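Undergrad: Only the shape, not the letters, is given here:
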């Protein structure tokens, strides 16, 4: 897995939500991994802008590590293989009415699409890398 440079991190964090969503889809399809935070035997959840539960996901380890502060200090950054994300995790989130929180930044919330459109976007993009 490639390292993300500080310059890339700064540039990508400055993007608006839809552009970060597109970056997330491309980067996860290319690398084969998304990243989440694990704490106390479970994945970390956050609140979306409208107060619903969201499962935060990042396209690289470095972005997830930026969130290991305050309430999430004891969290561990964990990789989620693309196949597991698309075939298992996103359907479970949909069944549980939990939104995927795509690429939250330290200064704001992420984009919260429904699970199925995110899975479809990841599948479509990953076909380009086959």
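TA: It's in. Since the model is a prediction, treat every value here as computed from it, not as a measurement. Numbers count the residues shown, from 1 in each chain.
Undergrad: show me what contacts the residue nearest the centre of the chain?
TA: The chain has residue 57 as the residue nearest its centroid, 1.7 Å off, counting by CA atoms, centre = their mean. Going by CB atoms under 8 Å, 6 or more residues apart in numbering, residue 57 touches 24, 34, 35, 36, 80, 85, 100, 101, 102, 103, 110. Where C-beta positions appear, they are placed from N, C-alpha and C, glycine not excepted.
Undergrad: Phi, psi for residue 58 please.
TA: Main-chain torsions, residue 58, degrees, to the nearest 10: phi -130, psi 160.
Undergrad: surely it meets residue 27?
TA: No - counting by CB atoms under 8 Å, residue 58 does not reach residue 27; the two are 9.2 Å apart.
Undergrad: Quick check: pLDDT value at residue 4.
TA: pLDDT recorded at residue 4 is 83.
Undergrad: Report how many residues lie close to it.
TA: For residue 4, the neighbour count with other CB atoms under 10 Å is 16.
Undergrad: Please report the distance of residue 60 from residue 16.
TA: Plainly put, residue 60 is 19 Å away from residue 16 if you go by CB to CB, to the nearest Å.
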